[in-house]
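**Q** give me the fold of what follows.
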Amino acid sequence: GDFILVNKHSYGLKINRIGKPFAMASNPEYGDVVVFIPPHVNVPYIKRLIGKPGDTIRYINKKLYINGDSVEQELISHDGIETFLQETYLQSSRVIRVQGGSASYPEEFSVPAGHYFVMGDNRDNSSDSRYWGFVPREHFMGTGEMIWMTWQCWTCLPSFSRAGWIN
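**A** Predicted coordinates:
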């Protein structure tokens with residue numbers, strides 16, 4: 001129900017929402033909140049960029065590894081059902097949520113050239129690259145910058161309680 005402001009010029013100037021930029025091209029960086037068209041549907045998604053071309057991503061027991069390096073996690077809170085962690089990799093830091101026990105099936109992904117690996121910050125409830133694959137570079141639309149409104153349902157009143165910058 002969140003409405004997001006998107007910076008469509010984050011990765012260059014484009015004529016269409018996807019495709020190669022014609023000027024000021026730049027590539028996504030680790031931790032960017034990216035808006036893109038996934039390979040399986042023609043609808044924009046918003047996720048966290050985790051892997052770049054050539055990277056090996058492993059997700060084992062709710063722990064993320066990028067090119068063999070463990071991504072640092074620090075406990076923020078745990079209520080028996082949900083756990084919130086501060087996750088840090090290079091200069092990128094974010095809060096993620098995991099649920100339930102600590103076991104998960106080991107997964108490993110090798111990111112091909114020209115593609116990227118994305119994951120949701122709500123790791124156990126996210127449709128992301130673990131399920132439908134890698135995102136081609138040309139499919140990036142920009143970065144999610146701000147939540148400006150939340151509208152849960154058609155009969156509900158819009159709310160601005162979650163308004164603010166996206167980290």
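**Q** in the protein, which strand has the most residues?
**A** Longest strand in the chain, counting residues (DSSP state E): strand 140-150.
**Q** ok, and what's touching the following helix or strand past that strand?
**A** Counting by DSSP states H and E, the next helix or strand C-terminal to strand 140-150 is strand 164-165. Contact partners of strand 164-165, identified using CB atoms under 8 Å, 6 or more residues apart in numbering, comprise Glu145, Met146, Ile147. (Glycine included, C-beta is placed from N, CA and C.)
**Q** partner residues bridging the second one?
**A** Following DSSP bridges, Met146 is listed with bridge partners Leu5, Trp165.
**Q** check contacts around it.
**A** Met146 touches Ile4, Leu5, Ala163, Gly164, Trp165, Ile166, counting by CB under 8 Å, 6+ apart.
**Q** tabulate the residues you listed in JSON lines, adding columns for neighbour count, pLDDT and distance to Asp79.
**A** Shown next, in JSON lines, are the contacts of Met146 (neighbours: other CB atoms under 10 Å; pLDDT from 0 to 100; distance: CB to CB, whole Å):
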{"residue": "Ile4", "neighbour count": "16", "pLDDT": "87", "distance to Asp79": "27"}
{"residue": "Leu5", "neighbour count": "14", "pLDDT": "87", "distance to Asp79": "31"}
{"residue": "Ala163", "neighbour count": "13", "pLDDT": "85", "distance to Asp79": "25"}
{"residue": "Gly164", "neighbour count": "10", "pLDDT": "80", "distance to Asp79": "23"}
{"residue": "Trp165", "neighbour count": "9", "pLDDT": "85", "distance to Asp79": "26"}
{"residue": "Ile166", "neighbour count": "15", "pLDDT": "86", "distance to Asp79": "24"}
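**Q** of those, which is the nearest to Gly54?
**A** The closest of those to Gly54 turns out to be Ile166 (CB to CB; 26.8 Å).
**Q** hmm, the closest one is touching Val35, no?
**A** No - taking contacts as CB atoms under 8 Å, Ile166 lies outside contact range of Val35: 10.5 Å.
**Q** any common contacting residues for the two?
**A** Joint contacts of Ile166 and Val35 (CB under 8 Å, 6+ apart) are Ile4, Gly144.
**Q** where does this protein have low pLDDT?
**A** 100-105 (pLDDT under 70).
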